[in-house]
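K.L.:
Build me a model from this:
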Amino acid sequence: MGVTDPAGPVMDRDEVDRALARLGAEHEAIETSLLALQDHAGRRLLEGAELTGITKERWTTTEASITLLWAYFDAYTDALRAAREIRARRRWSSRDDLVELTELLRGESVTVAGSATATANAPTLHGGSGKLSEQFSLATLVDRMNELYATSLDMVVAADAVWSALPARIDLLAAELQRTRQLAHSVGVRPGEHPAGDDLERITRTLTKLRAEVVSDPLAYWVPAQGSSAPGGGKPDTTVYDREARALEDVRREIDAVLTVRQDAEQRLIKLRDVLSRADRTLAEARTARGEVLAKIAATEVPVVSGPPTVLQEQLATAAEYRRRAQWHRLSPLLESLEQKAEDELLRARESLTAVTAPLAVRAELRGRLDAYKAKVARHGLAEDPFLIERYDAARRMLWSAPCDLRVAEQAVLRYQQAAAELLGTGRVPGPRGPEDRGGQGA
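P.N.:
The predicted structure is shown next:
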């Protein structure tokens, strides 16, 4: 057998021995990898699964690749065995032996004869040409096997990763979903009657569909890692699962709120009645105060006090009926709405009372200011001053008469303050309007 150009110069014995050692180590590593792939749990699952979609397409290609991979390995094994047999003929190989070994170890001397179907179905990037046999050098054959192995393992590992991650998590979530549904039914949260019941039905349908799709087409839920060439680089796509898990958590919180309503309903209803009763009493006080203001204060616009809204009492009665019938899912939102409305009503009643009694507060402030200045005058020994007494009596008559004209009474108080300030030597009148013109003292 002559030496062909691709084989290069004839190898010496040391080169042959080193090449055989290297090829033997590669053979052992490849065999270990192939056996691991053969025993991989993901591959066994793929063989027995009823696949659909992209996983079915890729597994058809991967199965053909694995078949071709074993055919390549067998050819590699035969070529390596033949080379070892030639080298073992004699301790010191002859030139003819070395020429033959050089051709076998470096030339395209390996013929791979295999299934035309397996070869044709292998991915074109793997070199599948559709031929019944192909010629390779041992180095090319190793590269081809490494390529086939990497793509096959990538597919197997990806499918196995999805199967290992998602179905178990879906089953756990489905079990939690079932417990939540039972709890929901116990408090009256059912499909068609409560939004949370409808959500539970939708989550159930989605999880059932998701599990079936994950089992039959796991690669549809696989996200390859960007820029990674390692087999199995990526992670399961849990987008749908995570969304439904969040939705179930929202439903659980709503169910917990309904359960809390069941436990606290009576106390909350009692508190509601108390708040509305306080609002009614405050409005009644405001109406009474309005009559007093109209009688005691002249020339004043007093706001009208409205009565309590009957709709809140009706809703309160409805809430009590829901509690009596154990319709917790209906009572929960009604109580929340009523509690806010009751607080708003109490605030409105208090604001109404404040607005109605404002003139009385102004009169009280003027009375206090007048008496405070009188006490100050007395401390300085001017209590008996006729002019101050006259001004004080004029202001007091206005403030303690009914109806009281607040505008005129305030002017009288300011005139008294001004007169007192002048006698005390301060020259100014403290108060919201400042000092009066002295020309108005005789008014």
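K.L.:
got a list of what the closest residue to Tyr221 other than its chain neighbours touches?
P.N.:
Once flanking residues are discounted, Tyr221 sits nearest to Asp237: 4.5 Å by Cβ to Cβ, 6 or more residues apart in numbering. Yep, even glycine has a C-beta here, placed from its N, CA and C like the rest. By Cβ atoms under 8 Å, 6 or more residues apart in numbering, the contact list for Asp237 reads 221-223.
K.L.:
between those, which is closest to Leu104?
P.N.:
Comparing the contacts of Asp237 against Leu104 with Cβ to Cβ places Trp222 closest, at 42.0 Å.
K.L.:
And the closest one, how far from Thr52?
P.N.:
Trp222 is 14 Å from Thr52, where distance means Cβ to Cβ, to the nearest Å.
K.L.:
Which one's more surrounded, the two?
P.N.:
Ranked by neighbour count (other Cβ atoms under 10 Å), Trp222 and Thr52 place Trp222 first, with 21 against 14.
K.L.:
partner residues bridging the more buried one?
P.N.:
Note on Trp222: beta-bridge partners by DSSP bridges are Pro236.
K.L.:
picking that back up, list phi and psi for the residue nearest to Tyr221.
P.N.:
For Asp237, the backbone dihedrals (degrees, to the nearest 10) come out as phi -90, psi 110.
K.L.:
With Val305 instead?
P.N.:
phi -100, psi 120.
K.L.:
Check the one 3 residues further on too.
P.N.:
Torsion angles at Pro308 (phi, psi; degrees, to the nearest 10) stand at phi -70, psi 140.
K.L.:
What is the neighbour count of the closest residue to it other than its chain neighbours?
P.N.:
What sits nearest to Pro308 in space, not counting adjacent residues and going by Cβ to Cβ, 6+ apart, is Asp280, at 4.9 Å. Residue neighbour count, defined by other Cβ under 10 Å, stands at 17 for Asp280.
K.L.:
longest helix in the protein, by residue count?
P.N.:
helix 239-296 (DSSP state H).
K.L.:
low-scoring stretches of this structure, by residue?
P.N.:
1-8, 93-94, 114-132, 227-230, 232, 299-300, 426-443 (pLDDT under 70).
K.L.:
Leu331 and Thr282, how far apart?
P.N.:
From Leu331 to Thr282 the distance is 27 Å (Cβ to Cβ).
K.L.:
Compare these two (neighbour count), which wins?
P.N.:
Applying other Cβ under 10 Å to Leu331 and Thr282 shows that Leu331 carries more neighbours, namely 27 against 22.
K.L.:
Could I get the contacting residues of the residue nearest to that one when sequence neighbours are not counted?
P.N.:
Spatial nearest neighbour of Leu331, chain neighbours left out: Tyr322 (3.9 Å); criterion: Cβ to Cβ, 6+ apart. Applying Cβ under 8 Å, 6+ apart to Tyr322 gives the contacts 328, 330-331, 334.
K.L.:
Let's see if you can find the most crowded of these.
P.N.:
Leu331 (27 neighbours).
K.L.:
which helices and strands sit right next to the helix or strand encompassing that one?
P.N.:
Here Leu331, judged by DSSP states H and E, is contained in helix 328-379. Helix 328-379 sits against helix 239-296, strand 297-298, helix 310-324, helix 386-399, helix 406-424, with contacts defined as 3 or more Cβ pairs under 8 Å, 6 or more residues apart in numbering; DSSP states H and E.
K.L.:
Point out the most buried one among these.
P.N.:
helix 406-424 (a mean of 20; mean count of other Cβ atoms under 10 Å).
K.L.:
quick one: contacts for the spatially most central residue of the chain?
P.N.:
The centre of the chain sits closest to Arg246, judged by Cα atoms, centre = their mean, with a distance of 6.7 Å. Arg246 sits next to no residue when contact means Cβ under 8 Å, 6+ apart.
K.L.:
any idea how far it is from Val240?
P.N.:
Relative to Val240, Arg246 is positioned 11 Å away (Cβ to Cβ).
K.L.:
re the thing from before, would you convert the contacts of Tyr322 into TSV that also reports distance to Leu80?
P.N.:
Supplementary listing: these in TSV, determined by distance: Cβ to Cβ, whole Å:
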residue	distance to Leu80
Trp328	77
Arg330	80
Leu331	81
Leu334	83
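K.L.:
Farthest pair within those residues?
P.N.:
So, those by Cβ to Cβ: farthest apart are Trp328 and Leu334, at 10.5 Å.
K.L.:
Relative to Leu138, how far out is Ala82?
P.N.:
11 Å.
K.L.:
who touches both of the two?
P.N.:
Leu104.
K.L.:
So which of the two has more stuff around it?
P.N.:
Remark: of Ala82 and Leu138, Leu138 carries more neighbours, 24 against 15, as counted by other Cβ under 10 Å.
K.L.:
which residues does Arg348 contact?
P.N.:
Applying Cβ under 8 Å, 6+ apart to Arg348 gives the contacts Ala279.
K.L.:
redo that, cut-off 10 Å
P.N.:
By Cβ atoms under 10 Å, 6 or more residues apart in numbering, the contact list for Arg348 reads 279, 282-283, 306, 308-309.
K.L.:
Please apply the same query to Leu382.
P.N.:
374, 376, 388-389, 419-420, 423-424.
K.L.:
what do you get if the cut-off is 8 Å, keeping everything else the same?
P.N.:
388, 420, 423-424.
K.L.:
tell me which of these is nearest to Leu46?
P.N.:
Using Cβ to Cβ, Ala420 comes nearest to Leu46 of these, at 104.8 Å.
K.L.:
Distance check, the residue lying closest to Ser216 once chain neighbours are set aside against His194.
P.N.:
Spatial nearest neighbour of Ser216, excluding adjacent residues (Cβ to Cβ, 6+ apart): Thr52 at 4.4 Å. Per Cβ to Cβ, Thr52 is found 36 Å from His194.
K.L.:
cool, and Asp371?
P.N.:
Going from Asp371 to His194 by Cβ to Cβ gives 65 Å.
K.L.:
Show me which of those two is the more surrounded one.
P.N.:
Taking other Cβ under 10 Å, Asp371 and His194 do not tie; His194 has more neighbours (22 against 13).
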